[in-house]
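Visitor: Sequence first, then the predicted structure:
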Amino acid sequence: MNFERLEKAAGAAGALEIEVSVSSDDVDELLGEFYEVLASCRNLDERLPWSEIEDRLSDSLPAKHLRELRRDFVIGRVTSDALRALDVTPALTPKIHALEYPEKGVPYSYSLAVVERPDLSLSSYEPVSIEMDETIVSDEDLEKRVANLLDQHARYIDDDPRPVRMGDHVKVDVMTKLGDETVVRLSGKGMILDVDGESMPAPFVEGMIGMDVGETRTIRYEVERPRSIAPDDVDRFVATVTVLSQQRKMAPDLTDEWVQGAFPRVSSVGEFLNGLRRDMEFDALVLDKDTKAHLANIELEKRLQGDINDDFYQASYKAQMDKLERDLAARGKTLDDYFEEEKTNEQEFSMKMLIRSGESLRQGFALEALFDGRGMELVRGDLETAHAKLFGSESFDEEELRKSGRFHLVEGAAKRIKAISWLVETAEVSAVQAKG
């Protein structure tokens, strides 16, 4: 690509300000490529005139949206070539400032701000020393796991009627309203309810204490909203509950017959216990490895030297928040649901997330500094592994990644994976010393 203008200068807060201008010929070539890609994606003949492609897609792709896609495509391609020409590797997504849309036969100009990877080093590149105790699966641990499994397979039977008290198990019909809306998660018929203040809001459970079997009661209670900013910032619920019966929880006995019914591939209690212990020991090994990696990375981060632009901290915080919201959405939940479950509020959570994201950022940079400082090298397999972690099943295409400006993400992830592997393998581990 022939640039009519390509200049860089130091900008605010350590960023590079880059001015870019490309010729009308380059714009026409890129627009041609854009329409070929667009036609191919929509199962149209790539040789069709641009105007005809637009007409055929007008119902599903409004003109405004099309212009934005076209602009982003051109800017993406031009920016990638411009950064390579200037030998600039952005550590964050460049901030684009474009006032116009690219048009056929017209030169195109815009500017961008780029934050490069900070110049960081470590005070030492030698293995770290950490303290941790290995997880040992004891007979007591095994007994607790068995008890939990039996509890999960427990059944409930009717018990003698008596007034409800804390710790009971009761069958209830409950309808909970918030204003005129039914709260589905707090409502149901024939529900088995543990009277413990955890399965339902504590104020509701307190309102049930003393109820007789067959009694119906209306319980009005308040719960502080997850993002409350004032004492009266609460949700006011009205619940109508009927106690249908007292219930007795009956956990099964651990016998060969029960094992065979619950786990058809297992024939006896002995086989069941041996398999369960093996599973627990494997889980313990995984936990120890994760703990070792976490502690080793913390120690390595203490050696990090150099300044990190504030933009990195903001980007790290946003990335972790976005990931949390995506994970919650996949489970049909919102941040408000999460705050309620964790018994926190937005202000407290934001502060914790800010600290956590900052630590994660510095630890990642420390791993990259370790990779560079020890002269480690990447092979294609390292890049493919990192690419799979970042983008899932999408095929690895290095040339396309470089064109799209995403290769540095894959390369950085690959460096961190290789560095943490070395860090864990070489860490000097000693038992935790007792205090006092």
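Guide: Yep, it's here.

Visitor: contacting residues around Pro388?
Guide: That one is not Pro; residue 388 is Ala. Phe396 (Cβ atoms under 8 Å, 6 or more residues apart in numbering). All C-beta atoms are positioned from the backbone trio N, CA, C, and that covers glycine.

Visitor: Okay, and it sits in which element?
Guide: Assigned by DSSP states H and E, Ala388 belongs to helix 380-391.

Visitor: Now that helix: buried residues?
Guide: Applying a neighbour-count criterion of 16 or more other Cβ atoms under 10 Å, one finds Asp382, Leu383, Thr385, Ala386, His387 buried in helix 380-391.

Visitor: With stretch 295-315 instead?
Guide: Neighbour-count burial for stretch 295-315 [16+ other Cβ under 10 Å]: 295-297, 299-301, 303-304, 308-309, 311-312, 315.

Visitor: on that earlier part again, can you tell me which of the buried residues of helix 380-391 is nearest Asp288?
Guide: Thr385 (22.2 Å; Cβ to Cβ).

Visitor: unless I'm mixing things up, that closest one is touching Ile417, no?
Guide: Yes - with contacts counted by Cβ atoms under 8 Å, Thr385 reaches Ile417, the gap being 6.6 Å.

Visitor: Kindly check the end-to-end length of stretch 372-392 for me.
Guide: 26 Å (Cα to Cα, to the nearest Å).

Visitor: immediately after the helix or strand where Ser421 lies, which helix or strand?
Guide: Secondary structure from DSSP H and E places Ser421 in helix 407-426. Next along the chain after helix 407-426, taking DSSP H and E as the criterion, comes strand 428-430.

Visitor: Kindly reformat the buried residues of stretch 295-315 as a markdown table containing secondary structure, pLDDT and distance to Val429.
Guide: A markdown table is the format used below for the buried residues of stretch 295-315 (DSSP: H, G, I helix; E, B strand; the rest coil; pLDDT from 0 to 100; distance: Cβ to Cβ, whole Å):
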| residue | secondary structure | pLDDT | distance to Val429 |
| --- | --- | --- | --- |
| Leu295 | helix | 95 | 9 |
| Ala296 | helix | 96 | 9 |
| Asn297 | helix | 96 | 14 |
| Glu299 | helix | 96 | 11 |
| Leu300 | helix | 97 | 14 |
| Glu301 | helix | 96 | 18 |
| Arg303 | coil | 97 | 18 |
| Leu304 | strand | 96 | 22 |
| Ile308 | coil | 88 | 29 |
| Asn309 | coil | 84 | 35 |
| Asp311 | helix | 85 | 36 |
| Phe312 | helix | 87 | 31 |
| Ala315 | helix | 86 | 33 |
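
Visitor: tell me the two of those residues that are most distant?
Guide: Leu295 and Asp311 (28.8 Å).

Visitor: Phi, psi for Gln247 please.
Guide: Backbone torsions for Gln247, taken as degrees, to the nearest 10, come to phi -130, psi 150.

Visitor: do the one 3 residues further on as well
Guide: Note on Met250: its backbone torsions stand at phi -120, psi 100 [degrees, to the nearest 10].

Visitor: so who does it touch?
Guide: Met250 touches Ala154, Arg155, Tyr156, Ile157, counting by Cβ under 8 Å, 6+ apart.

Visitor: Quickly name whichever of these is closest to Leu112.
Guide: Ala154 (61.6 Å).

Visitor: unless I'm mixing things up, that closest one is touching Gln247, no?
Guide: No - the criterion here is Cβ under 8 Å, and Ala154 misses it with Gln247 at 10.5 Å.

Visitor: Counting neighbours, go ahead and name the busier of these two.
Guide: The neighbour count for Ala154 versus Gln247, taken as other Cβ atoms under 10 Å, is higher for Gln247 (19 against 12).

Visitor: Look up which residues are beta-bridged to that one.
Guide: Asp158, His169 (DSSP bridges).

Visitor: Among the buried residues of stretch 295-315, which one sits closest to Tyr35?
Guide: Ala315 (33.1 Å).

Visitor: For this protein, give me the ranges with low pLDDT.
Guide: Across the chain, the ranges flagged by pLDDT under 70 are 12-14, 226-231, 434-436.

Visitor: What ranges does it have for its helices?
Guide: 24-41, 50-56, 63-86, 139-152, 202-208, 256-262, 269-301, 310-330, 335-342, 346-373, 380-391, 398-404, 407-426 (DSSP state H).

Visitor: Using a markdown table, please lay out the ones you listed together with distance to Val128.
Guide: Shown next, in a markdown table, are these (distance: least, Cβ to Cβ, whole Å):
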| stretch | distance to Val128 |
| --- | --- |
| helix 24-41 | 48 |
| helix 50-56 | 58 |
| helix 63-86 | 35 |
| helix 139-152 | 29 |
| helix 202-208 | 45 |
| helix 256-262 | 45 |
| helix 269-301 | 4 |
| helix 310-330 | 22 |
| helix 335-342 | 32 |
| helix 346-373 | 10 |
| helix 380-391 | 22 |
| helix 398-404 | 32 |
| helix 407-426 | 7 |
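
Visitor: Out of the ones you listed, the one nearest Val183 is which?
Guide: Closest among the helices of the chain, once you apply Cβ to Cβ, is helix 202-208, at 10.9 Å.

Visitor: that older thread, could you flag which of the contacts of Met250 are buried?
Guide: Among the contacts of Met250, none counts as buried (16+ other Cβ under 10 Å).

Visitor: From the residues you listed, pick the one nearest Glu348.
Guide: Out of these, the member with the shortest distance to Glu348 (by Cβ to Cβ) is Ala154, at 36.0 Å.

Visitor: State the distance from the closest one to Gly197.
Guide: From Ala154 over to Gly197 the distance is 20 Å, taken as Cβ to Cβ, to the nearest Å.

Visitor: that older thread, in a markdown table, list the buried residues of stretch 295-315 along with distance to Arg402.
Guide: Converted to a markdown table, these look like this (distance: Cβ to Cβ, whole Å):
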| residue | distance to Arg402 |
| --- | --- |
| Leu295 | 36 |
| Ala296 | 32 |
| Asn297 | 29 |
| Glu299 | 35 |
| Leu300 | 29 |
| Glu301 | 30 |
| Arg303 | 32 |
| Leu304 | 28 |
| Ile308 | 25 |
| Asn309 | 24 |
| Asp311 | 23 |
| Phe312 | 22 |
| Ala315 | 21 |
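
Visitor: between those, which is closest to Phe34?
Guide: Distances from Phe34 to the buried residues of stretch 295-315, taken by Cβ to Cβ, are shortest for Ala315, at 28.2 Å.

Visitor: Quick check: chain neighbours aside, which residue is closest to the closest one?
Guide: Leu92 (5.3 Å; Cβ to Cβ, 6 or more residues apart in numbering).

Visitor: OK, contacts around that neighbour?
Guide: Per Cβ under 8 Å, 6+ apart, neighbours of Leu92: Val115, Asp311, Phe312, Ala315.
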